[in-house]
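Student: need the 3D shape of this:
(2 chains)
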Amino acid sequence: MSPATPTAPAERTLRTATTNGRAERPIIAMRHISKIYATGEAEVHAVRDVSLTIERGDFVAIMGASGSGKSTMMNIVGCLDIPTQGWYWLDGVDVRLLDEEALAEVRSRKIGFVFQAYNLIPRTTALANVELPLAYAGVRRQERRQRAIEAIEAVGLSERMSHLPSEMSGGQQQRVAVARAIVTNPAMILADEPTGNLDTSAAEDVMRIFSRLNADGRTVVLITHEADIAAFAKRVIRLRDGQIVEDYRASAVTDLPPRLGVERTIRTVGSTG
Amino acid sequence: MTWRDNLRIAIAGATSNKLRSMLTILGVLIGVGAVIILVAVGTGSSAQVQANIDRLGTNTLTVFSTGRFGGRSTTGTQSSFATMTVGDVQQIERQPYVQSVSPVSSTSVTAAYNGASDSSATVTGSTPSYLSASSYSLEAGSSFTSSQVTNRERVAVIGQTVVSDLFGTSNPIGRTIQLGSASFEVVGVLATKGSTGIQDQDNVVIAPYTAVQDELTGESSSFSELLIQGKSSSTLNTVESEVETILAAANNTTVANLPFSVLNEASLLSTAESTSSTFTVLLAAVAGISLLVGGIGVMNIMLVTVTERTREIGIRKAIGARKSVILAQFLYEAVFLSLIGGLAGVAIGVVGSQFRIDGVQPVIAPYSIVLALGVSIAVGVFFGFYPANRAASLRPIDALRYE
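Tutor: Down below sits the predicted model:
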């Protein structure tokens, strides 16, 4: 299929993009994306001519060793950086046409970020951290509090709401970060090595939360170098030297995420048995 | 994000490193406090100068011989020191805006009583009107009278310094003191007047000019100095020109060549006022510089803060903070620091101005409080803008990568 072809007039405003949320439109459409860094004399081709389409409701893991270009991909996908060449539509919006302020707006409305280092604001309670994106989006105080509480409950941290980041474990902090990512109800959750600083069980907790969010219909894009983390995704894209070398689908977009599917199956079997 | 939310974030940021914020605030505090205290000292000293001049009497003219030779030929002593006569005094007294004219013959002698002495008392020979023209008031006894002047009686009114030097605590009224070789009876005691800064105005003896001329100065019915009291300070300049005209005519000369000088208290006042306002401006400028230094301190600390919190800025931008919101956040933080410094500075300034500083009682000028506070806020905005803009302009990708 050819979603939002380059020749078609691009939707420039957020308003049309958000009100025309047609289900068939892919969340991400990249065509011939390249990113070249000029470091002194040499030019570094971090991403070379990548074309990629990600469907709404998919759970995608972008894998690669360090230096494979996956961080650059993450920055471009997250609208934190602009590609040197190529076209990128995020939920129907041509991000190349946007200036700094508009990019901030797109990030705020369409993407929920989860970082490797959690990146919670220090000396600020979990609840206040989760409220922050809503505050920046201009949501009223009362509604914001309500939605933040719901998001924190969704990651199972209701009893940690008034704790500071420094009073929580890595796994808990990352779950707060996930709550912060979903609180604005973004079109996509973009997670950059979300389990990189976590031990196995905390990592599995976090991945299970991602799986459940995906099962609820959210699009999740995960950047990782660990195969067992990538195994939670429905689709795995492998990068090497800035190019896609493998694109493997584990389960259909409309299916439950693989691990959650297994769990549910086991649970279902167990309960009927 | 409302400004109130952002302000809360800014204040939380400013209070996260308490010691550093306190030191920054201290810089502004010292600046603002210095402005208020130094302007208060300037205002206080100018108020003091004015009070001193008020005590001298602001609607008086002092006419004194400039030492040039007089042009009066009637006396036949053309080479003598220029002086004024009783006739001059009477003619000036008739002018419409003149309240009184007091001829003055003064000298400095040693006053003595019963073994105690006061070495440098100023003896002023004059008429009873001299007391009110010079803003002296009586504390005890009475003044000498016009008839005592006419009768050349040796009576005197004495100041507080003379009283304490000669009599201690006992009552001087009715006693006879020695002024040089002459004896004078004390009829009155003057109330304390204080010092002009140059001269002790309480170390005085005031007596009929006739007696003083007879016994001490040796002049006869001519004066080298007159004290003229005008009816109001607004007509003092008219009186001044009238006096000059009369004296010029009496001495067969022009006003330009008058061998007398007329000292107008009103012009003295304006000179003193401009001097003290220059003094105040100078003090304010010095204090303003320290406020500027405090502002540079705010900027310095904000630059450090922005660098230190680069990652936090990246996070905020990644989760949707616009450039303007980040700009406002750091600007609020800078203004918060400078405003707290300003308010504390006002408090310190107001408290500090309650104490006498080097003999001057500071008087707080309300404009200096408004000015200092306003400048401290302006300093926060001005010196906070560059760091805040730097924070706001950080690219989120760079900011997030920052360790």
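Student: can you pull out the helices in the chain?
Tutor: I'll assume chain A. Ranges of helices within chain A are A:14-19, A:70-77, A:100-110, A:126-137, A:141-154, A:170-182, A:200-215, A:227-230, A:258-272, based on DSSP state H.
Student: sorry, should have said chain B
Tutor: B:3-16, B:18-56, B:86-93, B:129-133, B:146-150, B:160-166, B:209-212, B:236-250, B:265-308, B:310-318, B:323-352, B:366-392, B:396-401.
Student: which one of the helices of chain A lies nearest to chain B?
Tutor: For those, the distance to chain B is smallest for helix A:100-110, at 2.6 Å, taking CB to the nearest CB. For glycine as for every other residue, the C-beta is placed from the backbone atoms N, C-alpha and C.
Student: quick one, that closest one and helix B:366-392 angle?
Tutor: Here the directions of helix A:100-110 and helix B:366-392 differ by 70 degrees (axes from the mean of the first three to the mean of the last three CA atoms, to 10 degrees).
Student: which residues are contacting helix A:100-110?
Tutor: If you take CB atoms under 8 Å, 6 or more residues apart in numbering or on different chains as the criterion, helix A:100-110 is touched by A:14, A:18, A:78-80, A:82, A:90-91, A:93, A:95, A:98, A:113, A:133, A:136-137, A:184, A:186-188, B:317-324, B:396.
Student: if any of the residues you listed are buried, put those into a ChimeraX selection.
Tutor: Buried residues within the contacts of helix A:100-110, by 16 or more other CB atoms under 10 Å in any protein chain shown, are selected in ChimeraX with:
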select /A:14,78,79,80,90,91,93,95,98,113,133,136,137,184,186,187,188 /B:317,318,319,320,321,322,323,396
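Student: residue contacts, the residue nearest to the spatial centre of chain B?
Tutor: Centroid check for chain B by CA atoms, centre = their mean gives B:Ser46 as the closest residue, at 2.1 Å. B:Ser46 makes contact with B:272-273, B:276-277, B:279-280 under the criterion CB under 8 Å, 6+ apart.
Student: from chain A, how far off is it?
Tutor: Note on B:Ser46: its distance to chain A, by CB to the nearest CB, to the nearest Å, is 50 Å.
Student: which stretch among the helices of chain A comes nearest B:Ala191?
Tutor: Nearest to B:Ala191 among the helices of chain A is helix A:141-154; the distance by CB to CB comes to 69.7 Å.
Student: could I have the CA atoms of the closest one written out in PDB?
Tutor: Taking Å, rounded to 0.1, in the frame of the first residue of the first chain, the C-alpha atoms of helix A:141-154 are listed here in PDB:
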ATOM      1  CA  ARG A 141      -5.500  21.400  37.200                       C
ATOM      2  CA  GLN A 142      -8.400  19.200  38.300                       C
ATOM      3  CA  GLU A 143      -8.700  17.200  35.100                       C
ATOM      4  CA  ARG A 144      -4.900  16.900  35.000                       C
ATOM      5  CA  ARG A 145      -4.800  15.500  38.600                       C
ATOM      6  CA  GLN A 146      -7.500  13.000  37.700                       C
ATOM      7  CA  ARG A 147      -5.900  11.800  34.500                       C
ATOM      8  CA  ALA A 148      -2.500  11.500  36.200                       C
ATOM      9  CA  ILE A 149      -3.900   9.400  39.000                       C
ATOM     10  CA  GLU A 150      -5.500   7.100  36.400                       C
ATOM     11  CA  ALA A 151      -2.200   6.800  34.500                       C
ATOM     12  CA  ILE A 152      -0.300   5.900  37.700                       C
ATOM     13  CA  GLU A 153      -2.900   3.300  38.500                       C
ATOM     14  CA  ALA A 154      -2.500   1.900  35.100                       C
END
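Student: now for that helix, which elements pack on it?
Tutor: Applying 3 or more CB pairs under 8 Å, 6 or more residues apart in numbering or on different chains; DSSP states H and E, we find helix A:141-154 packed against helix A:126-137, helix A:170-182.
Student: and the last one, what does it pack onto?
Tutor: Counting contacts by 3+ CB pairs under 8 Å, 6+ apart, helix A:170-182 is packed against strand A:111-114, helix A:126-137, helix A:141-154, strand A:188-192, helix A:200-215.
Student: try 6 Å
Tutor: strand A:111-114, helix A:126-137, helix A:141-154, helix A:200-215 (3 or more CB pairs under 6 Å, 6 or more residues apart in numbering or on different chains; DSSP states H and E).
Student: pull the CA atoms of that helix into PDB?
Tutor: Listed next in PDB are the C-alpha coordinates belonging to helix A:170-182 (Å, rounded to 0.1, in the frame of the first residue of the first chain):
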ATOM      1  CA  GLY A 170      14.600   1.900  39.100                       C
ATOM      2  CA  GLY A 171      11.700  -0.300  38.000                       C
ATOM      3  CA  GLN A 172       9.200   1.900  39.800                       C
ATOM      4  CA  GLN A 173      10.800   5.100  38.300                       C
ATOM      5  CA  GLN A 174      10.500   3.600  34.900                       C
ATOM      6  CA  ARG A 175       6.800   2.700  35.500                       C
ATOM      7  CA  VAL A 176       6.200   6.400  36.500                       C
ATOM      8  CA  ALA A 177       7.900   7.400  33.300                       C
ATOM      9  CA  VAL A 178       5.500   5.100  31.400                       C
ATOM     10  CA  ALA A 179       2.600   6.600  33.200                       C
ATOM     11  CA  ARG A 180       3.900  10.000  32.200                       C
ATOM     12  CA  ALA A 181       4.200   8.800  28.600                       C
ATOM     13  CA  ILE A 182       0.600   7.600  28.400                       C
END
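Student: flag every buried residue along that helix.
Tutor: For helix A:170-182, the neighbour count (16+ other CB under 10 Å) marks A:170-182 as buried.
Student: which pair in these spans the largest distance?
Tutor: Using CB to CB, the two most remote members of these are A:Gly170 and A:Ile182, lying 19.0 Å apart.
Student: still on that earlier bit, any of the contacts of B:Ser46 buried? List them.
Tutor: Buried among those by 16+ other CB under 10 Å: B:276, B:279-280.
Student: so which of these is the closest to chain A?
Tutor: Of all these, chain A sits closest to B:Thr280, with 45.5 Å by CB to the nearest CB.
Student: any idea what the residue most central in space within chain A is bridged to?
Tutor: Note on chain A: the residue nearest the mean C-alpha position is A:Leu190, at 1.3 Å, using CA atoms, centre = their mean. Applying DSSP bridges to A:Leu190 gives these bridge partners: A:Phe113, A:Val221.
Student: quick one: contacts for it?
Tutor: Neighbour list for A:Leu190: A:78, A:111, A:113, A:221 [criterion: CB atoms under 6 Å, 6 or more residues apart in numbering or on different chains].
Student: buried sites along stretch A:33-45?
Tutor: Neighbour-count burial for stretch A:33-45, counted by 16+ other CB under 10 Å, picks out A:33-35, A:45.
Student: pLDDT for those residues - can I get that in JSON lines?
Tutor: Formatted as JSON lines, the buried residues of stretch A:33-45 follow (pLDDT from 0 to 100):
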{"residue": "A:Ile33", "pLDDT": "93"}
{"residue": "A:Ser34", "pLDDT": "93"}
{"residue": "A:Lys35", "pLDDT": "93"}
{"residue": "A:His45", "pLDDT": "89"}
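Student: ok, and of the residues you listed, which contact chain B?
Tutor: Residues of the buried residues of stretch A:33-45 in contact with chain B (CB under 6 Å from any CB of the partner chain): none.
Student: and which of those residues is nearest to B:Ser353?
Tutor: When the buried residues of stretch A:33-45 are ranked by distance to B:Ser353 (CB to CB), A:Lys35 comes first, at 63.9 Å.
Student: correct me, but the closest one touches A:Ile82?
Tutor: No: using CB atoms under 6 Å, A:Lys35 is not in contact with A:Ile82; the gap is 8.6 Å.
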